[in-house]
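A.B. asks: Could you look at this predicted model? Sequence included:
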Amino acid sequence: MTTQPRIDELKRRHATLDEAIDGETHRPLPDQAAIADMKKQKLKLKEEISEMEHA
């Protein structure tokens, strides 16, 4: 897989996680553990995207 399509896929996954976090935080009783896990995944994706864009 070439770099740009991979970056695009990572950005899509990042955006999907962002939407999931937003949805979870607006529930009456948000699952804080799930939110924390999604935020960790999102951070890993952001780091991977950054590395690929600056390589």
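C.D. replies: Nice, I can see it. Computed from a predicted structure; not experimentally measured. Numbers count the residues shown, from 1 in each chain.
A.B. asks: Got the phi and psi for the residue lying farthest from the centre of the chain?
C.D. replies: The outermost residue of the chain, judged against the average C-alpha position, is residue 28 (22.7 Å), by CA atoms, centre = their mean. Main-chain torsions, residue 28, degrees, to the nearest 10: phi -60, psi -40.
A.B. asks: Equivalent analysis for residue 29, please.
C.D. replies: phi -130, psi 80.
A.B. asks: What's the local residue count around it?
C.D. replies: Residues lying near residue 29 (other CB atoms under 10 Å) number 5. (C-beta placed from N, C-alpha, C; glycine too.)
A.B. asks: Report the separation between it and residue 13.
C.D. replies: Between residue 29 and residue 13 the distance is 26 Å, computed by CB to CB, to the nearest Å.
A.B. asks: got it, and residue 5?
C.D. replies: Distance from residue 5 to residue 13, by CB to CB: 13 Å.
A.B. asks: more neighbours, those two?
C.D. replies: Each of residue 5 and residue 13 has its neighbours counted (other CB under 10 Å); residue 13 has more, 15 against 9.
A.B. asks: check contacts around the more buried one.
C.D. replies: Residue 13 makes contacts with residue 45, as judged by CB atoms under 8 Å, 6 or more residues apart in numbering.
A.B. asks: Which positions within whichever strand or helix holds it qualify as buried?
C.D. replies: Element membership of residue 13 [criterion: DSSP states H and E] is helix 3-25. Within helix 3-25, the residues scored as buried using 16 or more other CB atoms under 10 Å are 10, 14, 17, 21.
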